[in-house]
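S.K.: fold the following and give me the result.
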Amino acid sequence: MADVKDSSMTRGRMFLLILFKSLKVRKNRVSITFFSIMIGAAIITALSSVYFDISAKMSRELRAYGANFFIGPKVTSVSRTAEAGIIKESVAMVPSDKLIGASPYIYGVVRLDLGNAVLAGVDFVGLKKLSPYWQVEGKWISVDFDEDSCMIGKTLAKNMELKVGDSVNVIRNESGFQKSLTVKGIAETGQAEDEQIFVNLALAGRILGQQGKVNHAMLSIVTEGTDIDALAKSMEAKFPELDAKPIRKVSHSDGRILDKIKGLMAIIAVIILTVTTLCVMTTLIAIVSERTREIGLMKAIGADDRDIVRQFLSETLTIGLAGVTAGMVVGFLLAQLLGQAVFGSFISFRMIVLPVTLIPSIAASLLAAALPVRMAVRVVPAQVLKEE
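M.R.: Below you'll find the predicted structure:
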């Protein structure tokens, strides 16, 4: 029993000696293999880190292109307005971390100095978050209690011969209400808003005789991690007089863009893994060719095919683990650079990235070793030692 134990320990020491000597003697080949695996693992780590974080990041980025949710009175309702308080309560049902911006709207026709125009009462703070793509000459109205200023669409400003800083009289013919307002900003939207004048909601309610009323509200909601269909149903269940629904065209476009980007990243990851596998395989084949006599000698003194396979796979696994570990560190740093460059924010670390990088990278390394190991097993000691 003691002899068997001593023999096992001797074989173990011999195995480790050959392993570390092989790694030390062939530094150039080992370095090429190490850096190939490291680069592959780094790119996969960076892509997977961005991949698992991209939904939240992209969903927020896409919210810069306008509203994707509507709340308003039911189509079957006689009234075309809803209570502002009820609309406010329904908006409050959206999780605060998912709501990018929201604004109620009330519309009516008013007379300006040079003609009629559509007046829109809005929440300016919410509208700015809802429509950051607007090109504004001058400034946004930054507070909702400002009842002495207005914003005006570019087309309307041109027709009414108005510039930033000019005064404009807003008149409601039906009630005789009149107020002079200062044009604080001129907005270019490329949409119907270019022909409208904007004031705060409270002032619009007084001008139009619709205090406490709104026509509808538009919201910008992060769709990632949010079941907006369920949210709409819960709003309608709580407030039966309201219609709440996602704007399908916008929401569908968001999803399609995200799916295409994720698909592209997955394809790139597969290509990187394939290139890494081929590079490692080529290097290992060269190593086996260099070690043909060594393999023949090992077989001649008693090593069987299983020992040879274990030797080469252990060397590959050692290099692979070292390369993947270094690649993960480099890849996460690369992910931060991508996050800052594309989204202007850091990429969150997610534990799922570790197995997603480790398993394919190690599998690719061992797969790359399959052909070289097969070559090593086929070495015939008698032929090699005779230098045939």
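S.K.: residue 52 touches residue 353, doesn't it?
M.R.: Yes. When contacts are counted by CB atoms under 8 Å, residue 52 is listed as touching residue 353 (6.6 Å). No exception for glycine: its C-beta is placed from N, CA and C like everyone else's.
S.K.: compare those two (neighbour count), which wins?
M.R.: Taking other CB atoms under 10 Å, residue 52 and residue 353 do not tie; residue 353 has more neighbours (25 against 18).
S.K.: which residues touch that one?
M.R.: 45, 48, 49, 52, 328, 332 (CB atoms under 8 Å, 6 or more residues apart in numbering).
S.K.: need the three-state assignment for residue 164.
M.R.: What DSSP: H, G, I helix; E, B strand; the rest coil gives for residue 164 is coil.
S.K.: just list the residues touching it, thanks.
M.R.: Contacts of residue 164 (CB under 8 Å, 6+ apart): 137, 138, 183, 184, 185, 186.
S.K.: which parts of stretch 340-357 are buried?
M.R.: Within stretch 340-357, the residues that count as buried by 16 or more other CB atoms under 10 Å are 343, 347, 353, 356, 357.
S.K.: quick check: end-to-end length of that stretch?
M.R.: 22 Å (CA to CA, to the nearest Å).
S.K.: dihedrals phi and psi, the residue nearest to residue 189 when sequence neighbours are not counted?
M.R.: Spatial nearest neighbour of residue 189, excluding adjacent residues (CB to CB, 6 or more residues apart in numbering): residue 134 at 5.2 Å. Dihedral pair for residue 134: phi -60, psi 140, per degrees, to the nearest 10.
S.K.: per-residue pLDDT of residue 134, please?
M.R.: We have a pLDDT of 87 for residue 134.
S.K.: ok, residue 380 next?
M.R.: So residue 380 comes in at 65 (pLDDT).
S.K.: before we move on, what about residue 18?
M.R.: 58.
S.K.: ok so, going back, among the contacts of residue 164, which are in helices?
M.R.: Among the contacts of residue 164, no member falls in helices (DSSP state H).
S.K.: I'd like those as CSV, with distance to residue 91, neighbour count and pLDDT appended.
M.R.: Compiled in CSV, the contacts of residue 164 are given as follows (distance: CB to CB, whole Å; neighbours: other CB atoms under 10 Å; pLDDT from 0 to 100):
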residue, distance to residue 91, neighbour count, pLDDT
137, 30, 13, 92
138, 28, 16, 92
183, 29, 21, 93
184, 25, 21, 94
185, 24, 19, 93
186, 28, 22, 94
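S.K.: just put these in TSV and tack on distance to residue 318.
M.R.: Putting the contacts of residue 164 into TSV (distance: CB to CB, whole Å) gives the following:
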residue	distance to residue 318
137	64
138	66
183	72
184	68
185	65
186	67
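S.K.: ok, those residues vs residue 237, which is closest?
M.R.: Among these, residue 185 lies closest to residue 237 (CB to CB), at 39.2 Å.
S.K.: and the residue nearest to that closest one when sequence neighbours are not counted, what does it touch?
M.R.: Closest residue to residue 185 apart from its sequence neighbours, by CB to CB, 6+ apart: residue 138 at 3.9 Å. With contacts defined as CB under 8 Å, 6+ apart, residue 138 is in contact with 164, 165, 183, 184, 185, 186.
S.K.: thought residue 197 was touching residue 155?
M.R.: No. Residue 197 is beyond contact range of residue 155, at 11.2 Å (criterion: CB under 8 Å).
S.K.: pick out whichever of the two has more residues nearby.
M.R.: Shown here are residue 197 and residue 155; by other CB under 10 Å, residue 197 has more neighbours (24 against 16).
S.K.: quick check: which element contains that one?
M.R.: strand 196-200 (DSSP states H and E).
S.K.: contacts for the helix or strand following that strand?
M.R.: Where DSSP H and E defines the elements, the next helix or strand beyond strand 196-200 is helix 201-208. Contacts to helix 201-208, defined as CB under 8 Å, 6+ apart, come from residues 84, 104, 106, 108, 110, 119-123, 144-145, 147, 170, 172, 175, 177, 179, 199, 210-214.
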